[in-house]
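K.L.:
Fold the following for me, if possible:
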Amino acid sequence: MKILLTGGSGCGKSSYAEKLVMKFPLPRWYVATMRSYGAESEAKIARHRAMRSTKGFETIESQTDVGAIDLSQGGTVLLECLCNLTANEMFDDEGNERDPYEKILRDVRRLASQADNLILVTNDVGSDGEAYSDSTLRYVDTLGRLNRAFAAEFDTVYELVCGIPLLVKGEEV
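P.N.:
You can find the predicted model right below:
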């Protein structure tokens, strides 16, 4: 089963994703894509580690190239999150930009092919009406295209609003 969770920033996607994962048997893989850029991101990483510390996850830190992950057995994968993965694949440490769309599609599909279940967390971006730089607009466009592609091919899609999961596609999990 492939499940996509989307919603705005801070709406409870991570907590809900972990609740969903607990419905599936071991092994449980947590693919963490967030890069640390300072105290704020370190605090968020620490909070997420604490949230999953007693839930039987094997954590894989992979900020890029999730298609290179080799799972020794099936199980359930929580990929947290597509937004960070897209930014990490799109912009290198020197600020150079590339189009990661096809690579991310291949990588996530490869990861999903090894898992019994994949839960993919993403964000709703681009609906705020803000004006952004050209590179940020390309990021928003790329993430939006990835969100649409995965929503079309995944079994179940939820949007989280204020911590409430709203079923958009598929059946309740």
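K.L.:
And the pLDDT at the most far-flung residue of the chain relative to its centre?
P.N.:
Most distant residue from the mean C-alpha position of the chain: residue 131, 24.6 Å away (C-alpha atoms, centre = their mean). pLDDT, residue 131: 78.
K.L.:
do the same with residue 35
P.N.:
Model confidence at residue 35, given as pLDDT, is 83.
K.L.:
Could you report the neighbour count for it?
P.N.:
14 (other C-beta atoms under 10 Å). Heads up, the C-betas are built off the backbone N, CA and C, glycines and all.
K.L.:
Just say helix, strand or coil for it.
P.N.:
coil (DSSP: H, G, I helix; E, B strand; the rest coil).
K.L.:
mind listing what it touches?
P.N.:
By C-beta atoms under 8 Å, 6 or more residues apart in numbering, the contact list for residue 35 reads 41, 63, 84, 88.
K.L.:
circling back: the residue farthest from the centre of the chain and residue 21, how far apart?
P.N.:
Counting by C-beta to C-beta, to the nearest Å, the gap from residue 131 to residue 21 is 37 Å.
K.L.:
Check the gap between the closest residue to residue 26 other than its chain neighbours and residue 20 for me.
P.N.:
In this structure, residue 26 finds its nearest non-sequential neighbour in residue 56, 5.7 Å apart by C-beta to C-beta, 6 or more residues apart in numbering. From residue 56 over to residue 20 the distance is 14 Å, taken as C-beta to C-beta.
K.L.:
cool, residue 94 as well?
P.N.:
According to C-beta to C-beta, residue 94 stands 37 Å off from residue 20.
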